[in-house]
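# have a look at this prediction, sequence included:
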Amino acid sequence: MNTYDLEHDLMNTNWIVEKCKKSDTYAQNLYSAMCNNRFFKNNEEWTASWRMAGGIVADIRGVGEDYMSFYCSGIGCDHIPEYVPESVVTDEIREDLLKLGWTIKSYEPRLNPGIYRNDWGGYDAGE
């Protein structure tokens, strides 16, 4: 069992909660940052699936949304310029998580010989 839990930290940090409630963009950017990234606090790792990330942000906002309100919101997000694709970490999100003691590392783009992460968060066979 991990001692550190990013979900707990986010849900219990009033200024993060307020940012998520006041800004759809901030909420979407936080969701996207939690996708396909690894988070570390005192050398302990925390990760979330896309569904879990969407559920966390929906719970933080507390306005009757569920994980589907955010799930895949970064795919084809051209119609909302402030939204970012899954796995993108904006400077604001990175700085806010750092204030909570969390650092972020992306997964390696090449996971195994011949296997690459594609743009959709899945895996493709490479050459």
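Structure received.
# model confidence score at the most centrally placed residue in the chain, please.
With distances taken as Cα atoms, centre = their mean, Met34 lies nearest the centre of the chain, 1.6 Å away. If you check Met34, the pLDDT there is 97.
# surely it and Ala53 touch.
Yes - here Met34 reaches Ala53: they are 3.6 Å apart, a contact under Cβ atoms under 8 Å. Any C-beta I mention is one placed from the backbone N, CA and C, and that applies to glycine too.
# just to be sure, Ile104 is in a strand?
Yes - when the secondary structure is assigned by DSSP: H, G, I helix; E, B strand; the rest coil, Ile104 falls within a strand.
# please name the bridge partners of it.
Under DSSP bridges, the beta-bridge partners of Ile104 are Phe39.
# do you know how far it is from Glu65?
When distances are taken as Cβ to Cβ, to the nearest Å, Ile104 and Glu65 turn out to be 24 Å apart.
# same question for Phe40.
28 Å.
# also Asn36?
The value you get for Asn36 to Glu65, if Cβ to Cβ is used, is 21 Å.
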